[in-house]
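Colleague: for reference, the sequence and a predicted model appear below.
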Amino acid sequence: MSGAISSESRASSSRAMNFIEIVPVSKIQSHTRYLFTLRSGEGTYRSLLLFRLSTAPVAQSSDSVSTEPSWPDNDVSHIAEQLYVMESACPHLGADMSHADIEECETGIVAVCPWHRYDFDMRSGKSDTGLRACVYQVEVRRSAIDTETLSVWIKSPEEANFWRLVEFRPVSEEFADPPPAPKETISSIDIPDLITLPEDIEPAKNPPKTLIQWAVLILNTSHPQLKVERTRHAVNMFRSGKLSSIGRGPSAPKPPDVPPREDQMRFVDANHAAKRKSRAAMLHALANIEQWAIDLAWDAIARFGPANPTLPHQFFSDFTKIALDEAKHFSLLLSRLSALGTPYGVLPIHAALWQSATETAQSVRSRLAIVHLVHEARGLDVNPATIAKFAKQGDTESVAALTIIHNDEVTHVTAGHRWFTFVCAEQGVDPVPTFREEVKRHFSGRLKGPFNMIDREKAGLTRDFYEDLAGEMGKPHESNKAFVIKPVKPTEGTV
């Protein structure tokens, strides 16, 4: 959530001017494209892109540490001329514009959609096709909080009030390198080599041609590193327009009931899992959760895409981003495990998280409520304490990785809230009582505090969603017995 600097005083001031303060200029030096999300007081979302077309000078202090850019006031307009803000979805078919080509033509600067090459003027939003993208006026002004700081401001959307920034991140994914091959002396267990992939990333025989085909292939991929690499490849193809179809027609493949894991992985009942005490054990447990989280994101695409034809393209863009984030998290944790001499797979794992996937497999509304607004929101509560434990032990590398994960998870809960409220609006129901009813039906036990109210509120979860709430679901369904054993391996050629 880098750059989110909202406050009540600033929000009040910016509303009066009909502009929203987005981010200090100093925070947009590392990349040329940034994705950010606004949410209105009425619960309307807008996903936007900030493009920076030139690198601004950054002043150096006497000790060579970068400080605020030292542009004089009369250069502020020049800075703003290099900044463009437009909607993140192409108005043609909703394709993700974060990887659009930027070209200069006779009439100005245009963004070219990677899917069907529609181009849009980045100042006016106009296209020769007759379509028009939503663009936003950009200004560079002194911050409402610190008048010594230059900030980027944009004109607020007109269809709602009380907009606030809930996400700001560069369009970039920082993966850790694959960990080295495990040493035989670490354990007598045959740990899979995560460096050598057992199959090609893109199968030579019957390669997937749609997003849902890729989703099902990845769900059926048991090798952890291959799952990560296929996720990166599929999302890149989707963003760059090489996958021009979601593929949610009647011929769409079905996702597996339970994603498989490697034969060597040892499964235990989550209730009997050892209490995590060491750093390695905690990181291993978190890596296990992240691997299931990759599957949960792809399962949402494959399972609910064909069954819910009104879900817009932005739903699939959001969930591919979530899948990519979870793959990034898994890679960061594998790197830390390797540094601590504990390769992934040396300790037992469980599939408790997938129980909620099975419980909510029949309803996208239930899935969003339980997985994203209960489980992932719970992560927001416990992550700060986990980070503090690693900080206390001086493990700065793990703290850095876990901080990245936590900040990303705030955006995942935001996406869950966005699409949960979208589905509720389509069904004509109130999100808060509907969420509470979903929890009572599909969750067991009380939602535990203490709650991280600040990050929950950033993600859209006000207290009326979760306070004094308990699930009333009975004993786990018989099908959940599969979660205490190892899932089966996929058959060869499964897509």
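Modeller: Cool, the structure landed.
Colleague: residue 46 reaches residue 35, doesn't it?
Modeller: No: in this structure residue 46 lies outside contact range of residue 35 using Cβ atoms under 8 Å: 11.5 Å. Using the backbone N, CA and C atoms, a C-beta is placed for each residue, glycine as well.
Colleague: the closest residue to residue 459 other than its chain neighbours - how many residues pack around it?
Modeller: Among residues not flanking residue 459 along the chain, residue 413 sits closest, at 3.8 Å (Cβ to Cβ, 6 or more residues apart in numbering). Residue 413 has 25 neighbours, counted by other Cβ atoms under 10 Å.
Colleague: quick check: which element contains residue 413?
Modeller: Using DSSP states H and E, residue 413 sits in helix 396-427.
Colleague: what's the weakest-modelled helix or strand in the chain?
Modeller: For the chain, scoring each helix and strand by mean pLDDT, DSSP states H and E identifies helix 8-17 as the least confident one, at a mean of 44.
Colleague: how far out from the middle of the chain is stretch 44-52?
Modeller: Offset of stretch 44-52 from its chain centre (Cα atoms, centre = their mean, to the nearest Å): 15 Å.
Colleague: just the pLDDT for the spatially most central residue of the chain.
Modeller: Among the residues of the chain, the one closest to the centroid is residue 322, at 3.2 Å (Cα atoms, centre = their mean). If you check residue 322, the pLDDT there is 96.
Colleague: against which helices or strands is the next helix or strand after the helix holding residue 413 packed?
Modeller: Next helix or strand after helix 396-427 toward the C-terminus (DSSP H and E): helix 431-442. Where contact means 3 or more Cβ pairs under 8 Å, 6 or more residues apart in numbering; DSSP states H and E, helix 431-442 is packed against helix 364-367, helix 396-427, helix 463-466, strand 470-472.
Colleague: deepest-packed of these, please.
Modeller: helix 364-367 (a mean of 23; mean count of other Cβ atoms under 10 Å).
Colleague: all helices for the protein, in order.
Modeller: Per DSSP state H, the chain carries helices over the ranges 8-17, 76-81, 211-219, 224-239, 279-304, 313-339, 352-359, 364-367, 376-392, 396-427, 431-442, 453-458, 463-466.
Colleague: what sits opposite residue 155 in the beta ladder?
Modeller: Residue 155 has these beta-bridge partners by DSSP bridges: residue 19.
Colleague: gap between it and residue 45?
Modeller: Remark: distance between residue 155 and residue 45 (Cβ to Cβ, to the nearest Å) = 17 Å.
Colleague: who's more crowded, these two?
Modeller: Higher neighbour count among residue 155 and residue 45: residue 45, with 21 against 15, using other Cβ under 10 Å.
Colleague: and that one, what does it touch?
Modeller: Contact analysis of residue 45 by Cβ atoms under 8 Å, 6 or more residues apart in numbering lists 37-39, 418.
Colleague: try it again at 7 Å.
Modeller: The contact partners of residue 45, by Cβ atoms under 7 Å, 6 or more residues apart in numbering, come to 37, 39, 418.
Colleague: how much space between it and residue 172?
Modeller: Taking Cβ to Cβ as the measure, residue 45 falls 22 Å from residue 172.
Colleague: kindly report the same for residue 408.
Modeller: 12 Å.
Colleague: same question for residue 448.
Modeller: 35 Å.
Colleague: and for residue 371?
Modeller: In terms of Cβ to Cβ, residue 371 sits 26 Å off from residue 172.
Colleague: kindly report the same for residue 354.
Modeller: For residue 354 relative to residue 172 (Cβ to Cβ), the value is 30 Å.
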